[in-house]
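In: Build me a structure from this.
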Amino acid sequence: MNILRRLHHRPPYLLINEVAEHSPAKLTALSLPKGDEFYLQGHFPNTPVVPGAMMQEMTTQAAGLLITEHHAPVVDYDSEKTKGWALGVLRAVHNAKYKTFARPGDKLVISVELIDQVDAVYRFKGKIEVDEKTIMFNEFSLVNIEEEKLKGK
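Out: The predicted structure follows:
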């Protein structure tokens, strides 16, 4: 899957490095923080850890990839060419639990599962694992909206 084609996010805010596998109901992606990411600067000095908000965003971006690849309201969605839509916009975080820390050098395995869809609202379960141990899990909803709403027009 071409991540840049499917997501509007760009570095330094693009947090997904690779998609390992995907289907219309599930997607697994990888994030590989190296230590020079903007969100690690000062979080925390001399002991960098990935902020919980960024782990939430990693699951959100993974779910956004699933939506744009398998549930886009247009055929062959392209983030640079398709106009009129903002896909996979975070609507709500229903639950989030953080069990331990992610650090530079960790391989974060991000898994999302589509558990419900009503019209343009998609509800997901997500989790992040390091060394096959779950370090966070969540439930959240994304929505597809018209691009003009995103721009505030």
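
In: residue contacts, the residue lying closest to Val109 once chain neighbours are set aside?
Out: Once flanking residues are discounted, Val109 sits nearest to Glu129: 4.5 Å by C-beta to C-beta, 6 or more residues apart in numbering. All C-beta spots, glycine's among them, are computed from the backbone N, C-alpha and C. Glu129 is in contact with Leu108, Val109, Ser111, Ile135, counting by C-beta atoms under 8 Å, 6 or more residues apart in numbering.

In: From Leu30, how far out is the third one?
Out: Looking back up the chat, that one is Ser111. According to C-beta to C-beta, to the nearest Å, Ser111 and Leu30 sit 10 Å apart.

In: If you count surrounding residues, which of these two has more?
Out: Taking other C-beta atoms under 10 Å, Ser111 and Leu30 do not tie; Ser111 has more neighbours (20 against 15).

In: Quick check: the farthest pair among the contacts of Glu129?
Out: Maximum pairwise distance among these (C-beta to C-beta): 12.0 Å, between Ser111 and Ile135.

In: Now list whatever residues contact both of these two.
Out: Common contact partners of Ser111 and Ile135 (C-beta under 8 Å, 6+ apart): Ile128, Glu129.

In: can you give me the helices in the protein?
Out: With helices called from DSSP state H, the chain shows them at 3-6, 52-70, 147-151.

In: shaky segments in the chain?
Out: 153 (pLDDT under 70).

In: Report back the residue of it that's furthest from centre.
Out: Asn46 (27.0 Å; C-alpha atoms, centre = their mean).

In: how near is it to Leu32?
Out: Taken as C-beta to C-beta, the span from Asn46 to Leu32 is 21 Å.

In: ok, back up a step: pick the most buried one from the helices of the chain.
Out: Stretch with highest mean neighbour count among the helices of the chain: helix 52-70 (a mean of 23; mean count of other C-beta atoms under 10 Å).

In: so how far is that one off the chain centroid?
Out: 2 Å (C-alpha atoms, centre = their mean, to the nearest Å).
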